[in-house]
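Trainee: how would this look folded up:
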Amino acid sequence: MSAPRILLNGEPQELSDVSPMMTLLDWLRGPAGLTGTKEGCAEGDCGACTVVAEKVKADGRIERLAINACLAMVGQLDGLGVRTIEGLAAADGALHPVQAAFVASGGTQCGFCTPGFVMAAYAFAAGAEPPEPARIHDALAGNLCRCTGYRSIVEAIAGVSPLTQDTFDDAAVRFAPLTRTALAEFTTPGQRFDVPRTLAEALALRAQFPQALLLAGGTDLGLLVSRERTVIPHIIYLGRVVELGAMEESTDALTIGAAVTYTAALDTLVRHFPALDRYLVRLGSRQIRNMGTIGGNLGTASPIGDFLPVLLALDARIRLVSGARGARDLKAGEFFAGYRRNAVAADELIAAAVLPKLWPDSIFFVDKISKRYDQDISALCAAYHLRIVDGTLHDVRLAFGGMAATPKRAVRAEQVLEGRAADDEAFAAAAAALAEEFAPIGDWRASAQYRMTAAANLLRRLQLRLSASTQPIELDLL
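Mentor: Just a heads-up that it's a prediction; the model follows:
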């Protein structure tokens, strides 16, 4: 047996006698005694608990990603570095350039949220991105300040980004003693946390312990620990399985491993599906996208998972694998078995999502409606994929989230539009078909009537896009 090993602000730590399911935030503020990292919401929305995860890339450079410490379990951080607000200033007390920029611009009010903002800013500046306003606002979308506006904070980041030389670039050699190449098993009384490195190890564990919970990024499962305070007996963490972290591209499809994060997949997805550009940045903050995975979203099978209608509209395949029976592919429409239920067998894992590339003449759009633009769960989301041939619609696929117990294709509406012109009559008939096919629920995000009306209006929006006299127009997302 062993214990998780991390670099905490550049210094090695072995987390003995600590539950591997403890949140990183609880460990930092408790046993580690580092209280600069704050707890605000305990569900990954406010950013007060933002810290930076560090890992050595293949080229030897250190990658630094902002994450929510309230959602990450300490077992997930094994072999990685964690940098907190206490780890930025120099040993002699000199402020890090990012901290100094916040002081110079007055980028703080009451101060409670400031450590999270500083760490998000540090991750952005260390990533050497151009300090463009849109990029800065995206980097800050996962951090909330309840005191005032963000102008001074944005100015601080713009003034220091990108970092010309990172103070901690010489720390890569310290990661070597933390490296593991085989299965790690962390246990405390009544709890077990397995970290397989290969698909074979993961499948063996899955077959042996079918009752164990599977952990991908933790942006959903992590809530059980952070918010619900559930004691989980056994977790199999899939984030280090090499095969599940791979992306492959063929002439006609993208294959994205189940453990690939949205951050890692973002550029590739947007390159092939440009409509996802603004959509995916609304899927979650950078902190969430740095942890969340397509495989994890498939596993939870939420009816309002933002990426799931995309998979349906693209007619993607979900690759499942079993140690005893090998691999099988299911169409996305066959994968969802009911409310938060999927077709994964007890001895199977989600291996990958296979996304067909767009046809040369195809049209693809996405929409999301939520109470606020950034950092909000969808009330309704939709994806549309079709072709126009000789003025008529063909191969129409319309997929919605938030309209049923599962993400679902609007098959009747598709049939209504197939072979017809993109005119008012056709889309009015398609909207009427939605009412026959869907019976959405009402909840605090939206009433059933709102969802139905909004879905019909999204079809009208699609018609407006298609009827543009030149290139199909892109309207602002809601």
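Trainee: okay, CA-based contacts and neighbour counts for the rest of this
Mentor: OK.
Trainee: Show me where this structure dips below the pLDDT cut-off.
Mentor: Scanning the chain for pLDDT under 70 picks out the ranges 1, 165, 167, 169-172, 469-478.
Trainee: Domain map for it?
Mentor: Per the record, the chain has its domains at 1-179, 190-357, 361-478, by automatic domain parsing.
Trainee: Let's have the ones you listed in TSV, adding mean neighbour count.
Mentor: Supplementary listing: these in TSV, determined by neighbours: other C-alpha atoms under 10 Å:
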stretch	mean neighbour count
domain 1-179	19
domain 190-357	20
domain 361-478	18
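Trainee: Could I get the full set of strands for the stretch 351-478 of the chain?
Mentor: In the stretch 351-478 of the chain, strands defined by DSSP state E, counting those that start in this stretch lie at 362-369, 380-389, 392-401, 408-409, listed in chain order.
Trainee: wait, which of those strands is closest to Ser447?
Mentor: Using C-alpha to C-alpha as the criterion, the shortest distance between Ser447 and the strands of the stretch 351-478 of the chain is 10.8 Å, found for strand 380-389.
Trainee: which helices and strands does the closest one pack with?
Mentor: In terms of contact count using 3 or more C-alpha pairs under 8 Å, 6 or more residues apart in numbering; DSSP states H and E, strand 380-389 is assigned the packing partners helix 308-313, strand 362-369, strand 392-401, helix 448-466.
Trainee: and these as a markdown table, adding distance to Gln109?
Mentor: As requested, the helices and strands packed on strand 380-389 are exported to a markdown table (distance: least, C-alpha to C-alpha, whole Å):
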| stretch | distance to Gln109 |
| --- | --- |
| helix 308-313 | 39 |
| strand 362-369 | 32 |
| strand 392-401 | 39 |
| helix 448-466 | 38 |
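Trainee: Ok, which of those comes nearest Arg341?
Mentor: Closest approach to Arg341 among the helices and strands packed on strand 380-389 is made by helix 308-313 (13.4 Å; C-alpha to C-alpha).
Trainee: so how far is that closest one off the chain centroid?
Mentor: Offset of helix 308-313 from its chain centre (C-alpha atoms, centre = their mean, to the nearest Å): 15 Å.
Trainee: so what's Ile441 up against?
Mentor: Shown here is Ile441, whose contacts under the criterion C-alpha atoms under 8 Å, 6 or more residues apart in numbering are 403-404, 447-448.
Trainee: if I look at it, how far off is Asn297?
Mentor: Between Ile441 and Asn297 the distance is 21 Å, computed by C-alpha to C-alpha, to the nearest Å.
Trainee: now do Val241
Mentor: 17 Å.
Trainee: got the residue ranges for the strands in the stretch 101-250 of the chain?
Mentor: For the stretch 101-250 of the chain, the strands defined by DSSP E, counting those that start in this stretch occupy 184-188, 191-195, 213-215, 234-237, 247-249.
Trainee: For Gly40, which non-adjacent residue is closest in space?
Mentor: Distances taken as C-alpha to C-alpha, 6 or more residues apart in numbering place Ala48 nearest to Gly40, at 5.7 Å, with adjacent residues excluded.
Trainee: Which secondary structure state does that neighbour sit in?
Mentor: The three-state label for Ala48, taken from DSSP: H, G, I helix; E, B strand; the rest coil, comes out as coil.
Trainee: wait, doesn't it sit right on Gly36?
Mentor: No. In this structure, Ala48 sits apart from Gly36 without contact. The criterion is C-alpha atoms under 8 Å, and the distance is 9.6 Å.
Trainee: Give me the common contacts of the two.
Mentor: Overlap between the contact sets of Ala48 and Gly36, as judged by C-alpha under 8 Å, 6+ apart, is given by Pro115.
Trainee: Could you pull up the contacting residues of Ile363?
Mentor: For Ile363, the contacting residues are 384-387, taking C-alpha under 8 Å, 6+ apart as the criterion.
Trainee: next one: Thr114
Mentor: With contacts taken as C-alpha under 8 Å, 6+ apart, Thr114 has the following neighbours: 48, 108.
Trainee: cool, and Gly44?
Mentor: When contacts are taken as C-alpha under 8 Å, 6+ apart, Gly44 is in contact with 68, 70-71, 219, 287-288.
Trainee: Could you single out the nearest of those to Val56?
Mentor: Gln287 (18.6 Å).
Trainee: ok, that closest one to Asp26 distance?
Mentor: 18 Å.
Trainee: can you list the contacts of Ile441 in CSV and add distance to Trp359?
Mentor: Output for the contacts of Ile441, formatted as CSV (distance: C-alpha to C-alpha, whole Å):
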residue, distance to Trp359
Met403, 27
Ala404, 28
Ser447, 36
Ala448, 35
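Trainee: State the pair within those residues that is farthest apart.
Mentor: For the contacts of Ile441, with distances taken as C-alpha to C-alpha, the pair at the greatest spread is Ala404 and Ser447 (12.8 Å).
Trainee: of the strands of the stretch 101-250 of the chain, which approaches Met452 most closely?
Mentor: Each of the strands of the stretch 101-250 of the chain was checked against Met452 via C-alpha to C-alpha, and the shortest separation belongs to strand 213-215, namely 34.0 Å.
Trainee: now that closest one, how far from the centre of its chain.
Mentor: Computed by C-alpha atoms, centre = their mean, the separation of strand 213-215 from the middle of its chain amounts to 16 Å.
Trainee: ditto for stretch 22-35
Mentor: On the basis of C-alpha atoms, centre = their mean, stretch 22-35 sits 24 Å off its chain's mean C-alpha point.
Trainee: same question, stretch 401-414
Mentor: Averaging C-alpha positions (C-alpha atoms, centre = their mean) puts stretch 401-414 22 Å from its chain's average.
Trainee: Same check on stretch 317-324?
Mentor: Centroid separation for stretch 317-324 versus its chain: 22 Å, with C-alpha atoms, centre = their mean.
Trainee: which residues sit against that stretch?
Mentor: With contacts defined as C-alpha under 8 Å, 6+ apart, stretch 317-324 is touched by 200, 203-204, 207, 311, 327-332, 335, 344, 347-355.
Trainee: now with 10 Å?
Mentor: Judged by C-alpha atoms under 10 Å, 6 or more residues apart in numbering, the contacts made with stretch 317-324 from elsewhere in the structure are 199-207, 255-258, 295, 298, 311, 326-335, 343-356.
Trainee: Double-check that Leu71 belongs to a strand.
Mentor: No. Using three-state DSSP, the assignment for Leu71 is coil, not a strand.
Trainee: which residues touch it?
Mentor: For Leu71, the contacting residues are 22-25, 42-44, 49, 217-227, 287-288, 291, by C-alpha under 10 Å, 6+ apart.
Trainee: Now intersect those with the helices, please.
Mentor: Under the assignment DSSP state H, those contribute 24-25, 222-226, 287-288 to helices.
Trainee: Mind putting the residues you listed into TSV with distance to Val103?
Mentor: Converted to TSV, the ones in helices among the contacts of Leu71 look like this (distance: C-alpha to C-alpha, whole Å):
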residue	distance to Val103
Leu24	27
Leu25	25
Gly222	34
Leu223	34
Leu224	37
Val225	35
Ser226	32
Gln287	24
Ile288	27
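Trainee: Just give me the closest of those residues to Thr251.
Mentor: Nearest to Thr251 among the ones in helices among the contacts of Leu71: Ile288, at 30.5 Å, using C-alpha to C-alpha.
Trainee: Was I right to think the closest one contacts Ala66?
Mentor: Yes. Using C-alpha atoms under 10 Å as the test, Ile288 is close enough to Ala66 to be in contact (8.8 Å).
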